[in-house]
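1. Predicted model, plus sequence, below.
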Amino acid sequence: MNKEIQAPVSAEAVSSLSAGDMVYITGIIYTARDAAHKRMDEALAEGKELPIDLKGNLIYYMGPS
């Protein structure tokens, strides 16, 4: 089934998704590689705030090509 959702996403939008859905996303999608994920994890472990609010936001992993 095709679904259109707006980022940042709501809990309702996430709940409506099923495996196999074709999802079309509009809005801001952040990209990050493994080093960025590591820095975010370390910052959270140290009790620091991240530069963006992750609630409802999407992070697309961009690996090396």
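-> Here it is on my side, so go on.

2. What pLDDT does the model give the residue positioned nearest the centre of the chain?
-> The residue lying closest to the centre of the chain (Cα atoms, centre = their mean) is L58, at 1.9 Å. Per-residue pLDDT puts L58 at 93.

3. Please enumerate the helices of the protein.
-> All helices of the chain, identified by DSSP state H, fall at 11-15, 34-45.

4. Switch the ones you listed over to a markdown table; also include mean neighbour count, distance to I5 and mean pLDDT.
-> For the C-beta atoms, the positions are set from N, CA and C on the backbone; glycine is no exception. Listed next are those as a markdown table, based on neighbours: other Cβ atoms under 10 Å; distance: least, Cβ to Cβ, whole Å; pLDDT from 0 to 100:
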| stretch | mean neighbour count | distance to I5 | mean pLDDT |
| --- | --- | --- | --- |
| helix 11-15 | 10 | 5 | 94 |
| helix 34-45 | 12 | 23 | 93 |
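
5. Between these, which one is closest to T26.
-> Closest of the helices of the chain to T26 is helix 11-15, at 11.6 Å (criterion: Cβ to Cβ).

6. which residues touch the closest one?
-> The list of residues contacting helix 11-15 from outside it, by Cβ atoms under 8 Å, 6 or more residues apart in numbering, reads 5-6.

7. Please save the CA atoms from it in CSV.
-> Provided in CSV are the C-alpha atoms of helix 11-15 (Å, rounded to 0.1, in the frame of the first residue of the first chain):
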residue,chain,number,x,y,z
ALA,A,11,3.0,8.5,16.4
GLU,A,12,-0.3,8.0,14.5
ALA,A,13,1.5,8.1,11.1
VAL,A,14,4.1,5.5,12.3
SER,A,15,1.3,3.3,13.7
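
8. Which stretches in this structure count as strands?
-> Assigned by DSSP state E, the strands in the chain fall at 2-7, 22-27, 29-32, 58-61.

9. Throw those into JSON lines and include distance to E49, thanks.
-> Listed next are the strands of the chain as JSON lines, based on distance: least, Cβ to Cβ, whole Å:
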{"stretch": "strand 2-7", "distance to E49": "21"}
{"stretch": "strand 22-27", "distance to E49": "22"}
{"stretch": "strand 29-32", "distance to E49": "16"}
{"stretch": "strand 58-61", "distance to E49": "16"}
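
10. Lovely, talk soon.
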